[in-house]
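A.B. asks: structure for the following, please:
(one chain, ligands or ions: 1)
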Amino acid sequence: KKRVVSGVQPTGSVHLGNYLGAIKNWVALQDTYETLFIIVDHHAATTDTAALYLACGIDVSKASVFVQSHVPAHVELMWLLCSSTPIGWLQKMIQFKEKSRKEGVENASVGLFTYPDLMTADILLYQSDFVPVGEDQKQHIELAREIAQRVNHLYGGKKWKKLGGRGGSLFKIPEPLIPQAGARVMSLTDGLSKMSKSAPSDQSRINLLDSKDLIVDKIKRCKTDSFAGLEFDNAERPECNNLLSIYQIVSGKKKEEVMEECKDMSWGTFKPLLADALIEHLSPIQARYQEIIAEPEYLDKILSEGADRAEELGAVTMRNMYQAMGYYQRR
Ligand code: TYM
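C.D. replies: Take a look at the predicted model:
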């Protein structure tokens, strides 16, 4: 079976961007592929995020769900990959540039700088074929592809064979899966910046666990414009495009249907419609979430089984990497 790997960092709450850009799209993949969904951190919100994966429809009878730090091979592989990563490649990463802007590159941590190598390890450890993510992770996946190719070239093939290996590639080259709609959900307060966990104003995002009242309130106060009617893809109306797109996905309608339905609407008519569609879509997720967190032992068991499976799959890659890079093996 082909493999799919993806994950969310559990810092802050999971929001609509994470859901529409990533988690929602994982659900359809679990029937066809071997899927591994990682909670990528050591943070306290880890179990919340795990519960949300399940509440959004990840089915542990098909998929493996686990916590990154429970599988030490991620960090081990990262270290091996670091030696094949030119500093210049990491210096080009947009996420690093953005996150280090405030404190300055000189003061940013080495961990933040080398984070893309850890993400690359998350992906390559499992020989992933596909990585379902939002648009903002495209550059990191591109980096993972380049690192995989470089390692294959430096250590794979004949050189590996000489060291007793099977030869050939050490890594599959993973491909990003970026959704048609939802790949870049924008902020509710500024249609030109993406919805993000780190934006200071909570008004800028819909969190998956926001109450009905809060959703109504956030939509009521979200930024709009003063054009007549509503339309997609008008560059002068980023907020309009964003809100229509959100409506399209959560209502399950086709783009053409939404265009037809909303073309003559005022914001006053559209906003309650959007709020209702969001609530209708998120309510079952929230109800399942409550059920899941009521049983912490169940969640622990799921995460433990997920880590077992991940360890088993990752061990093959680690053995090959140590061998191909000429490490002395323990006997
Ligand atoms: P993170 O935690 O920032 O986001 C998790 C997922 O949500 C997507 N996303 C969005 N999609 C659409 N619109 C938005 N406004 C929006 N904001 C976030 C992200 O693209 C991502 O798919 N480094 C990654 C997590 C990671 C990972 C991995 C992903 C670690 N290891 C291995 C895939 C495979 C990150 O920080 O995503």
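A.B. asks: can you give me the neighbour number for Ala73?
C.D. replies: Using other C-beta atoms under 10 Å, Ala73 has 18 neighbouring residues. C-beta coordinates here come from the backbone N, C-alpha and C atoms, glycine included.
A.B. asks: contact partners for the residue nearest to it when sequence neighbours are not counted?
C.D. replies: Here the nearest residue to Ala73 in space, its sequence neighbours aside, is Gly314; by C-beta to C-beta, 6 or more residues apart in numbering that works out to 4.3 Å. Contact analysis of Gly314 by C-beta atoms under 8 Å, 6 or more residues apart in numbering lists 71, 73-74, 77, 125-126.
A.B. asks: the residue nearest to Pro132 when sequence neighbours are not counted: neighbour count?
C.D. replies: Among residues not flanking Pro132 along the chain, Leu177 sits closest, at 4.2 Å (C-beta to C-beta, 6+ apart). Residues contacting Leu177 under the criterion other C-beta under 10 Å number 17.
A.B. asks: I'd guessed Leu177 sits against Gly134; true?
C.D. replies: No - here Leu177 does not reach Gly134: they are 10.4 Å apart, not a contact under C-beta atoms under 8 Å.
A.B. asks: scan this structure for its longest helix.
C.D. replies: Longest helix of the chain, by residue count under DSSP state H: helix 296-324.
A.B. asks: what residues of that one count as buried?
C.D. replies: For helix 296-324, the neighbour count (16 or more other C-beta atoms under 10 Å) marks 299, 302-303, 306-307, 309-310, 313-314, 317-318, 320-324 as buried.
A.B. asks: for the contacts of Gly314, which one is nearest the ligand?
C.D. replies: Relative to the ligand, the closest of the contacts of Gly314 is His74; by C-beta to the nearest ligand atom it sits at 8.8 Å.
A.B. asks: the closest one contacts Leu118, doesn't it?
C.D. replies: Yes - between His74 and Leu118 there is a contact at 6.6 Å, judged by C-beta under 8 Å.
A.B. asks: how about the strands in the stretch 151-300 of the chain?
C.D. replies: Counting by DSSP state E, counting those that start in this stretch, the stretch 151-300 of the chain has strands at residues 175-177.
A.B. asks: what's the distance between the residue in the stretch 101-250 of the chain that the ligand sits nearest to and Tyr19?
C.D. replies: Of all residues in the stretch 101-250 of the chain, the one sitting closest to the ligand is Gly134 (2.4 Å; C-beta to the nearest ligand atom). Distance, Gly134 to Tyr19, using C-beta to C-beta, to the nearest Å: 10 Å.
A.B. asks: for those two, indicate the residue with more neighbours.
C.D. replies: Higher neighbour count among Gly134 and Tyr19: Tyr19, with 25 against 22, using other C-beta under 10 Å.
A.B. asks: and the protein, what are its domains?
C.D. replies: 3-183+296-324, 202-291 (automatic domain parsing).
A.B. asks: and those as JSON lines, adding mean pLDDT?
C.D. replies: Listed next are the domains of the chain as JSON lines, based on pLDDT from 0 to 100:
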{"stretch": "domain 3-183+296-324", "mean pLDDT": "94"}
{"stretch": "domain 202-291", "mean pLDDT": "97"}
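A.B. asks: alright, that wraps it up for me.
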